[in-house]
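1. Prediction below, plus the sequence it came from.
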Amino acid sequence: MADAAKPDLAHGHHVQGHAAHDHQGHDHGGARAGGVTLTRNQSLVLGILEKADAPVTAYGILDALRPEGIRAPLQVYRALDKLIELGVAHRLESINAFVSCQHDGCHDVAGTVFMLCEKCGHAEEMADAETSAHLGALALMARFKPARTTIEMRGLCAACAGT
Ligand SMILES: [Zn+2]
Ligand SMILES: [Zn+2]
């Protein structure tokens, strides 16, 4: 009887297995991020990003929020700017799309590394202390004051690469 350690296959809601997804909230309406109360638009936008399995473009967000009465791209862009500033969302420049933070808010992490799968679109977020330290040292040498760093690697995720 191989009944032990039966995998829990009850996927009631469609949160797809992000490996290190330690968001504590399941209430998307709970409009708070790092102690800051979000506006309605901001929490709607964040809700879309959190539900998505892959990065979403601003127009994708706008489309998804039309039923909520959001019509103007500027409403989405303003909300995104704020969410990025709060460290609860990231902009992926190379694909011009947005993701919710897979960590507990990255506002004080200097180096966030995204691994973007070109096949399935998955974006895996990694934060590495050594990378952060290196980047910090480089900036210091150049007497550069970094506000935000996002590194994007493109290729194939483990599932798509078949490894
Ligand atoms: Zn993050
Ligand atoms: Zn993939």
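-> Looks like it arrived, so ask away. Ligands and ions are numbered 1, 2, ... in the order given.
2. Going by C-alpha atoms from here, please, whenever you check contacts or count neighbours.
-> Fine.
3. Can you report how many residues lie near the residue of the chain found nearest ligand 1?
-> Nearest residue of the chain to ligand 1: residue 101, at 3.8 Å (CA to the ion). As a burial measure, residue 101 scores 25 neighbours (other CA atoms under 10 Å).
4. Surely it is in contact with residue 86?
-> No. Contact criterion CA atoms under 8 Å: residue 101 and residue 86 do not qualify, at 10.1 Å.
5. before we move on, back to that, which residues are in contact with the residue of the chain closest to ligand 1?
-> Residue 101 sits next to 87-90, 125 when contact means CA atoms under 8 Å, 6 or more residues apart in numbering.
6. Okay, and which of these map to helices?
-> Per DSSP state H, helices hold no members of the contacts of residue 101.
7. and this protein, which of its residues are near ligand 2?
-> Within the chain, the positions near ligand 2 by CA under 5 Å from the ion are 117, 120, 157, 160.
8. who does the most centrally placed residue in the chain bridge with?
-> Per CA atoms, centre = their mean, the C-alpha nearest to the average position across the chain is that of residue 100, at 2.6 Å. Counting by DSSP bridges, residue 100 forms beta bridges with residue 89.
9. Enumerate the helices of the protein by residue range, in sequence order.
-> Under the criterion DSSP H, the chain contains helices at 40-51, 58-65, 73-85, 129-141, 158-161.
10. looking at it, residue 59 is touching residue 71, isn't it?
-> No. Using CA under 8 Å as the test, residue 59 is too far from residue 71 to be in contact (10.4 Å).
11. tell me, how many neighbours does residue 38 end up with?
-> Neighbours of residue 38 under the rule other CA under 10 Å: 20.
12. and the gap between it and ligand 2?
-> 32 Å (CA to the ion, to the nearest Å).
13. Start the count at 32 instead of 1 going forward.
-> Sounds good: first residue 32 from here, last item residue 69.
14. Of the contacts of residue 132, which is the nearest to ligand 2?
-> residue 156 (13.5 Å).
15. For that closest one, the count of nearby residues, please.
-> Using other CA under 10 Å: residue 156 sits among 23 other residues.
16. Kindly state the beta-bridge partners for it.
-> Counting by DSSP bridges, the residues bridging with residue 156 are residue 145.
17. list the contacts for it?
-> By CA under 8 Å, 6+ apart, the neighbours of residue 156 are 132-134, 143-146.
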